[in-house]
Each structure stands twice: as C-alpha cells, then as structure tokens.
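Trainee: just a sequence and a predicted model for now, questions to come.
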Amino acid sequence: MAPVTFEKRALTKKSENIAEWYNDVVLRAGLAEYSEIKGCMIIKPHGYALWEHTQKVLNAWFKADGVQNAYFPVFIPMHLLQKEKEHVAGFSPELAVVTHAGGEELAEPLAIRPTSETIMYATFGKWVQSWRDLPLKINQWCNVVRWEKRTYPFLRTSEFLWQEGHTVHADEDDAMAMVLRALEWYRRFYEEQFAISPYVGLKSSSEKFAGAERTYSVEIVLPDGKALQAATSHYLGTHFAKAFDITYLDDAGKSTITHQTSWGLSTRAIGGLVLSHGDDAGLVLPPRVAPQQVVVLAVGGKDEAKAQSAIAYARTLTDHLQHAGVRAVLDEDMNHSMGYRINEWELKGVPVRLEIGGREAEAKTATWVRRDTFEKGTVAEAELTGMVETLLSGIQSSLLERSEELKRELTVDVASWKEFTKVLDGRKTFLRALWCEDPTCEAEIKNETKTTPRVLELDRRDERVEGTCVKCGDPAHRHWLFAQSY
RNA sequence: GGGGUAGUGGUCUAGCUUGGUAUGAUCCGUGGUUCGGGACCACGUGACCGUCGGUUCAAAUCCGACCUACCCCA
C-alpha cells in the first residue's frame, strides 16, 4: 500500500492539537459553520443528515414503546419556570428572556426554553386525571437555548437541537423502569449506530439535573481522555408533580401524586462522533449513520473513449449499489484532479470509496478503499455488492472495537489518592475509585485534579464494599468513575 | 473566571509601524491543455476593509467603545 500523506490539505493534526483539529474538521467536512449570533451555529446538510438519522432511529424505538411526539411552545412564562425552586435556580444563569414583542414591553417576560419541563407539566396536570391516563409518554424534537459563556460547535452551543422525552407514571417503580429504558436506548444508540462504547450510570447529587431526584447519564470517553456527557435520563420523583399538581385518582378513588421522568439526547452527539472516530484526513463516519456510505469516483484519462467508458461504468455500478439498498453517490466531476476529489471525500468521512477508471471498466472490476484504514483492493463486478456490504459492516465493527479499546486504555483503577494524582500527571484519563459520595469531598477532588465524578456505573449501583474514600478516607462503598469533563 | 491572538472579495491572505479606496492565492465563469493522491495556461466576475463613533482635507491604516471567533490557563 502506498503511504498516505496529508501534507497539502492544511488540516491540523489530531494528535498535535485536538481542539484546532476539531474546528477544522467540523468546518471543512461541511458539518456546520458559524453564524453571526454568539455561540450559535449553522448546521449544514452533511451535519443535519446525521441528525435526521438520529431522529429516525430513536423515533422508531420511542414509538414502539408507546411514546408519542408532540410540540410545546418555545416561550415559557417566567411564573411557570419559577414553580420548581431547584429547577429555576439551576437554569437562571443561562436563560435568554424576551422582554419586548409587538413593539411593546411585555407584562410578563418570556423565557426561551432551556428545557421544557415547566411548560409541559403545566399542561400535563390537565391531561392526567385517572389511573387510566397513565403512563403518559410524550416526546418532542425541538431547539432549546442555554446562554453559554464558552461555546464549541456541536459540543456546547447557545442554541441546540435535541429530543426531550417526558413521562408521567403512577408510581416510582414504573417511572424508574422508564428512566432505565430511555438510558438503554441511548447506550444502544451510541454503540450500534455511532460505534462508540460508552459508560452508563448514575450521576452524583451535585451533577444531577436541576429539579431531579436522580440523574443517569451516558458518558463517552474521548481520545484525549476527557469525558463527554452524551445523553441523560432523569427520575424527577414527585418534585414537579407537586409544583404543577399532577395527580390522579387511583382505582380506589384516592387522589395520588404522580412520578415523572425526562430524558434527552442532543446534537452534541455529533460532536462526540467527530471526536471519537475522526483522523488526520478528516471525518470518519460509521457506515450505519453515514449519509453516503459509498462514493463511486469516476477517474478520467488521456484517452477520451476510455474516460467515457469509465464514467458509464461508474454510473452502472452506482445504480447497482443503490438498488441493493446501499447509500451510494456518484462523483463524475472531471474538473478537479483525482487528488482533490479524493481528499474532499475523505474529509467528509465517506466509509468506502470505489475508484473506477479505464482499467476497471475494461476488466469489469472495481477498486475499493476503506476510509478508516486506507486499505485497498480490487473486486469483480459480480461480487461488488457483497464486498461493499462486507466492507461496511467491517468498518462499523472495527470502529466499535477501537472505541472499546480506547475506553479500556483510558480507564485506570486506582486505590489511593497518591495513585490518583500520579495517574493524572501529564495526561488525562478516566479513573475508577472508591468514593464517599460527599459533595464537599467532590469539590476538593475537582479543585485538585479538575476531575469530577462522571458516573457510578449501572452494574455497580448495588456494590457494597467496606472501604475508604480515595480522597478523604471516610467510609466508602462504591467505585465511581472520575474524569475531566468537556 | 484569567491571559493571549485575530476579523480585509465566497474562502485564505498582503497592506497597518510611517493615513492618499486595497496585494496575492484560491473558489467561481468562459475557452484550451490535462487527468490513477489537492494539475496548468489565458481572459473574466467578485471587497461600502467586523460594527458604531472620534481625529483628519483624507482612515483598512491613528484613537475609543462594542461585537464575533479561536488558542492557552483556571
């Protein structure tokens, strides 16, 4: 295989400066660009296609579980937002508020939703009357606004797109089952679709959602050793139900408080995808989510007749693949050089490239190149569809394997505070350690190491070891994962 | 939160110190030569120099404020 060099494209190397590399890739792969509004980005077709795919997959799972899509207003009257104390305290610092409309000052300012609990639950109270109305499961796909001081494309933007599921249940058990079901959808989504192996678990009390009883999250391990909170699922308990009077009459005619959940996944996921799989040549997309899975590149030549037959043959192969259900796209642009075209497709992360020139047209073969490994080969036309399917599933699984490997490499079990800080010397990584779960201790850990508890892994929730906290030495019973957060 | 860097055709950029309407490249268009890892020639289109204000006969350039983005550190 000829060595692949990237000297001419002026893309920052991922290993040299991952932050600059990330910005370069987002812009040059055509995922998004900046707008005139602080912290708000324009999601371009290539990036939006990834979001549409996310919607398609999640919607199918939601609906199969009886979750219905609906839509609530973008404006939230301040008095509603203020009904749940912890909730308003948590979101106030980053609220955008409309004070004027129609040329007049509004009698009551309207917040632009940072999340929709309050506006939805004001209505849910009316929808839920009887035990027969439960569970109520509503989801909405929308934009929300949180005025962030520091923003990055996709990872943290002032406005972002997400889905927010909101459910109402008769009791805690039913609500908790929902919380865990949503969490499992997210875990599965990252693993099966984005080829990212995440950690899944419970957040510490100081990291939980404002107004929630408990928050669970999906955390992904990024190549630089930092953590990205990639989806969340909250058990809200009865906090909001009390504030918004969401009660029902049970089968004995007794008025009973409801238990609620909310859960969401946002366009931040796309940032995680870019960071997880991209390389020095640009984006690398897992085949399942790639808007284009195969690009068929018609190669021109000195001989006009040969070039024409190459183009015709490339069209035929593209049709074949499309009929076989492969998302294939034809590139017959002869105005740019071979190298230019290849680099553009590599930047966009298309998993498989077929190169079709006079040689292939004559021999009825195709030359294929894998985007993730740059491995190259030739296949006969009759075997093309099968070969492409093999390559696509091979790329999907090897990306996931690499992600699992990265997760293992970047997670270190530590037994003492000395070990904890030593592991973090000169690098960033996830650490698993016994922790007392005390907020004061948590703050000290953060001050000294910048790391925070990311999650208590799901299968360790019932852990009950008799040990001491890695930091303060108080009694501790469960191992938590710590890392520096994005 | 602290420190730094930068904003000039669609994109990247020279010019700024020492004020006189803007350099080059790329993209795009036309024609031609090319074509298996970012080709080339010719001609052409495209800029109220981030915004607002000040100084001046004259401001991309000097002064002030603001906006936006990026980097590094908390």
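Mentor: Nice, I can see it.
Trainee: can we go C-alpha only for contacts and neighbour counts from here?
Mentor: OK.
Trainee: where in chain A is pLDDT low?
Mentor: Chain A contains residues with pLDDT under 70 at A:1-10.
Trainee: max-length helix in it?
Mentor: Secondary structure assigned by DSSP state H gives helix A:384-409 as the longest helix of chain A.
Trainee: neighbouring strands - and their directions - for the helix or strand just after that helix?
Mentor: Next helix or strand after helix A:384-409 toward the C-terminus (DSSP states H and E): strand A:411-413. Its sheet considered, strand A:411-413 pairs with strand A:430-435 (parallel) by DSSP bridges.
Trainee: elements contacting the helix or strand hosting residue A:248?
Mentor: Here residue A:248, judged by DSSP H and E, is contained in strand A:247-249. The contact analysis (3 or more C-alpha pairs under 8 Å, 6 or more residues apart in numbering; DSSP states H and E) places strand A:247-249 against strand A:255-257.
Trainee: which helices and strands sit right next to the strand it packs on?
Mentor: On a contact count with 3+ C-alpha pairs under 8 Å, 6+ apart, strand A:255-257 meets strand A:247-249.
Trainee: can you give me the offset of the strand it packs on from its chain's centre?
Mentor: Distance of strand A:247-249 from the chain centroid (C-alpha atoms, centre = their mean, to the nearest Å) equals 36 Å.
Trainee: what's the angle between the longest helix of chain A and strand A:430-435?
Mentor: Per axes from the mean of the first three to the mean of the last three C-alpha atoms, to 10 degrees, the angle that helix A:384-409 makes with strand A:430-435 is 40 degrees.
Trainee: give the buried residues for helix A:384-409.
Mentor: For helix A:384-409, burial by neighbour count (16 or more other C-alpha atoms under 10 Å) applies to A:384-385, A:388-389, A:391-392, A:395-400, A:402-404, A:406-407.
Trainee: next, count neighbours for residue A:440.
Mentor: By the measure other C-alpha atoms under 10 Å, the count of residues near residue A:440 is 11.
Trainee: for the one 4 residues further on, same thing?
Mentor: Residue A:444 has 15 neighbours, counted by other C-alpha under 10 Å.
Trainee: doesn't it belong to a helix?
Mentor: Yes. Under DSSP: H, G, I helix; E, B strand; the rest coil, residue A:444 falls within a helix.
Trainee: distance of it relative to residue A:472?
Mentor: 9 Å (C-alpha to C-alpha, to the nearest Å).
Trainee: now do the same end-to-end measure for stretch A:217-229.
Mentor: By C-alpha to C-alpha, the extent of stretch A:217-229 from end to end equals 7 Å.
Trainee: contacts for that stretch?
Mentor: The contact list for stretch A:217-229 (C-alpha atoms under 8 Å, 6 or more residues apart in numbering) reads A:18, A:183, A:186-187, A:196-203, A:230-233, A:272, A:275-276, A:406-407, A:410, A:427-430, A:454-455, A:483-486.
Trainee: same for the longest helix of chain A, what does it pack against?
Mentor: strand A:352-356, strand A:365-370.
Trainee: show me the helices in the stretch 1-150 of chain A, by range?
Mentor: A:18-28, A:45-64, A:78-81, A:85-91, A:117-127 (DSSP state H, counting those that start in this stretch).
Trainee: and the fourth one, how far out from the chain's middle?
Mentor: The chain centroid and the centroid of helix A:85-91 are separated by 25 Å, computed with C-alpha atoms, centre = their mean.
Trainee: which parts of the stretch 101-250 of chain A sit against RNA strand B?
Mentor: A:149-153 (C-alpha under 7 Å from any atom of the strand).
Trainee: if I pick the closest residue to residue A:208 other than its chain neighbours, what's in contact with it?
Mentor: Counting by C-alpha to C-alpha, 6 or more residues apart in numbering, residue A:208 lies nearest to residue A:215, which is 5.0 Å off, once chain neighbours are set aside. If you count contacts by C-alpha under 8 Å, 6+ apart, residue A:215 has them with A:202-204, A:207-209, A:232-235.
Trainee: how about a cut-off of 10 Å?
Mentor: Contacts of residue A:215 were listed using C-alpha atoms under 10 Å, 6 or more residues apart in numbering, and they are A:179, A:201-205, A:207-209, A:232-236, A:261-263, A:455.
Trainee: confirm it sits in a helix?
Mentor: No. Using three-state DSSP, the assignment for residue A:215 is strand, not a helix.
Trainee: measure it to RNA strand B for me?
Mentor: Look at residue A:215 and RNA strand B: by C-alpha to the nearest atom of the strand, to the nearest Å, they are 24 Å apart.
Trainee: for RNA strand B, give me its nearest residue in the stretch 351-486 of chain A.
Mentor: residue A:357 (3.2 Å; C-alpha to the nearest atom of the strand).
Trainee: got phi/psi on that residue?
Mentor: Residue A:357 adopts backbone torsions of phi -120, psi -170, taken as degrees, to the nearest 10.
Trainee: contact residues of the stretch 251-400 of chain A facing RNA strand B?
Mentor: So the stretch 251-400 of chain A meets RNA strand B at A:281, A:299-302, A:304, A:334-344, A:346, A:355-360, A:367, A:369, A:374 (C-alpha under 7 Å from any atom of the strand).
Trainee: in strands only, show me those residues.
Mentor: Among those, DSSP state E puts A:355-356, A:367, A:369 in strands.
Trainee: could you export these to JSON lines, including columns for neighbour count?
Mentor: What follows is those, written out as JSON lines (neighbours: other C-alpha atoms under 10 Å):
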{"residue": "A:355", "neighbour count": "23"}
{"residue": "A:356", "neighbour count": "28"}
{"residue": "A:367", "neighbour count": "19"}
{"residue": "A:369", "neighbour count": "19"}
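Trainee: the helix or strand harbouring residue A:231: what's the following helix or strand?
Mentor: Taking DSSP H and E as the definition, residue A:231 sits inside strand A:227-237. Using DSSP H and E, the helix or strand that follows strand A:227-237 in sequence is helix A:239-244.
Trainee: how far does that next one sit from its chain's centre?
Mentor: Its chain's C-alpha centre and that of helix A:239-244 lie 30 Å apart, by C-alpha atoms, centre = their mean.
Trainee: can you pull the contacts of the most centrally placed residue in chain A?
Mentor: With distances taken as C-alpha atoms, centre = their mean, residue A:269 lies nearest the centre of chain A, 1.7 Å away. Residues in contact with residue A:269 (C-alpha under 10 Å, 6+ apart) are A:50-51, A:54, A:154-155, A:162, A:190, A:194, A:220, A:228-231, A:275.
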